[in-house]
Every structure is written in C-alpha cells, then in structure tokens.
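> Sequence and predicted structure are below.
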Amino acid sequence: MKNYNIEVIICGPNHYLHGYPPFNISIPIVFDYLDFLHDFNDMNKENIKILMEYYKNATKILCISHTLIDSIPPQYREKAEYLPNGVDLNFFKSYKYFEKEKETKIISLIGLSVSKSLFYLDIFPKIKKEIDNIKLMLVGGGVRLPMIKKYISKKKNKSDYILTGYIPYKQIRKYFFMSDVGLYPTLQNLYYDSACPIKIMEYSASNKPIVSTGLKELRILNFPNVFLAKPNAENFIENIKKALNYEGPFPNLEDFDWGNLSKKLEKIIHNI
C-alpha cells in the first residue's frame with residue numbers, strides 16, 4: 001500500500017471471497033454496504049456477526065438505502081452516509097423517441113434476474129382476459145430465461161409475449177420507451193426491502209409508471225409513478241390497470257444522477 005500511496009480502502013461485504021480487509025492499519029476503511037447482508041440460508045436473517053466487524057472497524061459506511069441505514073446499530077449509525085444507486089439522466093433524456101403502435105399496450109420486465117419467483121408470468125394470461133390489446137415484453141437473458149421460455153411454450157397466444165434476449169446497455173433505452181408500464185416483481189423479504197432498484201430509476205427517467213412489490217425502501221422513496229403491490233398476480237393486475245391510466249408527475253431524479261452521486265462520494269472521501 002505504501003508503494004502505491006493508497007490513502008483509503010473501499011470494500012464491500014465480500015468477506016466470503018477474500019476475507020476481511022486489513023483493519024490494523026492507519027489507512028481509513030470505507031465499508032460499501034451495497035446489499036442487505038443476509039444469512040446464506042435465510043434471506044430474512046441479518047448476518048450480524050459478519051457485519052459487526054465492518055461496523056466497528058470502518059471509518060465510514062456507505063448505504064444504498066435508508067432501510068440499510070436504519071438497520072445499523074445506533075452506536076455505529078453516525079458513520080453512515082446515504083449513497084443510493086442511480087441513473088444516467090443524460091443517457092435516458094437524450095433518447096429520440098419513436099412512434100409505436102398506439103393501440104397496443106406493452107407491460108415490460110427489463111432485466112430477468114430480478115427474482116427467483118416467476119409469479120409475474122401468471123399476470124399476463126389473466127390481464128389479457130380484461131385488456132385484449134396488451135403484450136408482455138421480457139428483456140434480457142440469464143439463468144431465468146430457459147424457465148420463462150418453457151412457460152411460454154405451453155401458451156396458445158405466444159405472439160403476445162416479446163422475448164428479446166440479451167440487449168447491450170447502449171441499446172436498452174428503446175425498450176424502456178416502448179413500455180407503457182414497467183414491472184419490478186420481487187419476493188417480499190429483507191434483502192429486497194433494503195434494496196435501491198436501478199430499474200425503478202431507469203423506468204422513472206423514461207417517464208414510465210411502474211408496478212413493484214411493496215418494498216420498504218420504495219415506500220420511503222415514495223415516487224409518485226410507482227404503484228406498490230403484494231407479490232401475487234391478482235394484486236399486480238389491479239395496480240397495472242391503474243398504472244396504464246397514470247397521467248401524474250414523475251420524480252425529480254437529479255440527486256440520483258450518477259454524476260451527482262460521484263461528486264457526493266468524492267466529498268465523503270475528501271472529508272475523512
């Protein structure tokens with residue numbers, strides 16, 4: 001560290017990969033608490049034994065959500081700094097929109113790794129009975145895709161499902177703007193409750209309403225375009241219908257712009 005003139009160490013909860021960072025040095029350590037650290041066998045159980053080592057020895061604790069800050073023991077909470085996930089506002093705002101079929105409504109899930117549960121697939125056949133001119137667009141690849149393809153292969157109306165496969169980030173804006181309503185259908189547990197979903201930011205930057213599981217952090221953020229639902233098909237459908245008619249405001253995302261978040265991080269490090 002002396003050879004490279006390292007002045008600060010920033011580390012995430014990656015003890016299971018290479019152990020803890022060296023705590024017995026004079027260089028300040030910043031703990032980047034980027035996801036709820038749960039027990040490996042229980043998503044609702046905090047791994048407090050591991051976390052306490054970071055809490056005690058870190059100079060600062062960066063938290064991506066208010067929910068994570070609230071979970072820190074009071075004696076260490078003054079070390080916490082709110083540094084959420086964000087969005088590239090210029091990237092999304094500069095997109096030149098194209099005309100899509102106005103008669104067709106598209107609900108979308110962009111990013112298929114959102115949850116092990118595939119309950120959201122049961123939404124579409126049911127809502128199709130109520131709204132005929134609607135399609136479900138699923139954007140992305142990954143380990144969930146084969147299961148999704150298998151599910152769709154059993155349906156008669158396969159043409160109502162749009163599967164794009166992997167899309168490079170530079171091309172992703174098109175699919176946000178194609179959407180009429182975005183989906184963020186996670187399970188309800190402490191891991192997701194403590195998250196700050198980038199997809200919520202990206203749909204919002206595209207001026208799209210979103211239906212999400214009613215996660216704790218999203219209740220705190222209270223974005224006007226986010227409709228919160230229970231993680232089941234019936235409640236999602238009820239909120240999708242509301243979202244399709246949404247004509248209200250969208251959140252001011254300046255504080256969530258990656259450029260502004262980078263400046264905030266620089267200031268935190270500079271003041272250590």
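That came in fine, so what should we check first? Nothing here was measured: the structure is a model prediction, and the numbers come from that model.

> Touching stretch 198-209 from outside, list them.
85-87, 89, 92-93, 95, 110-111, 114, 172-173, 176-177, 179-182, 184, 210, 212, 218, 221, 223, 225-227, 243-244, 246, 250-251, 253, 256 (Cβ atoms under 8 Å, 6 or more residues apart in numbering). (Glycine included, C-beta is placed from N, CA and C.)

> Buried ones among those?
85-87, 89, 92, 110-111, 114, 172-173, 176-177, 179-182, 184, 210, 212, 218, 221, 223, 225-227, 243-244, 246, 250-251, 253, 256 (16 or more other Cβ atoms under 10 Å).

> In strands only, show me the residues you listed.
110, 181-182, 184, 210, 212, 226-227 (DSSP state E).

> Now pLDDT and distance to Lys150 too, for those, in a markdown table please.
As requested, these are exported to a markdown table (pLDDT from 0 to 100; distance: Cβ to Cβ, whole Å):
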| residue | pLDDT | distance to Lys150 |
| --- | --- | --- |
| Ile110 | 96 | 21 |
| Val181 | 98 | 25 |
| Gly182 | 98 | 24 |
| Tyr184 | 95 | 23 |
| Ile210 | 98 | 27 |
| Ser212 | 97 | 25 |
| Val226 | 98 | 30 |
| Phe227 | 98 | 29 |
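
> Format those as TSV; extra columns: distance to Arg77.
Output for these, formatted as TSV (distance: Cβ to Cβ, whole Å):
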residue	distance to Arg77
Ile110	34
Val181	37
Gly182	33
Tyr184	28
Ile210	30
Ser212	27
Val226	27
Phe227	31
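
> backbone phi and psi for His270, please?
Dihedral angles of His270 (phi, psi; degrees, to the nearest 10) stand at phi -60, psi -30.

> And the strands in the chain, which stretches?
Under DSSP E, the chain gives strands at 9-11, 29-33, 38-39, 42-46, 60-63, 80-82, 105-110, 134-139, 161-165, 181-184, 210-213, 226-229.

> mind putting those strands in JSON lines, distance to Ile148 included?
Listed next are these as JSON lines, based on distance: least, Cβ to Cβ, whole Å:
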{"stretch": "strand 9-11", "distance to Ile148": "35"}
{"stretch": "strand 29-33", "distance to Ile148": "32"}
{"stretch": "strand 38-39", "distance to Ile148": "25"}
{"stretch": "strand 42-46", "distance to Ile148": "22"}
{"stretch": "strand 60-63", "distance to Ile148": "33"}
{"stretch": "strand 80-82", "distance to Ile148": "35"}
{"stretch": "strand 105-110", "distance to Ile148": "9"}
{"stretch": "strand 134-139", "distance to Ile148": "6"}
{"stretch": "strand 161-165", "distance to Ile148": "7"}
{"stretch": "strand 181-184", "distance to Ile148": "13"}
{"stretch": "strand 210-213", "distance to Ile148": "18"}
{"stretch": "strand 226-229", "distance to Ile148": "20"}
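
> Following the record's annotation, map out the domains of this protein.
Split into domains by automatic domain parsing, the chain comes to 9-83, 89-254.

> and the first one, how far apart are its ends?
Between the opening and closing residues of domain 9-83 there is a gap of 17 Å (Cα to Cα, to the nearest Å).

> Could you check how many residues crowd around Asn133?
The number of residues packed near Asn133 is 12, by other Cβ atoms under 10 Å.

> Assess the claim that it and Ile106 are in contact.
No. The criterion here is Cβ atoms under 8 Å, and Asn133 misses it with Ile106 at 10.0 Å.
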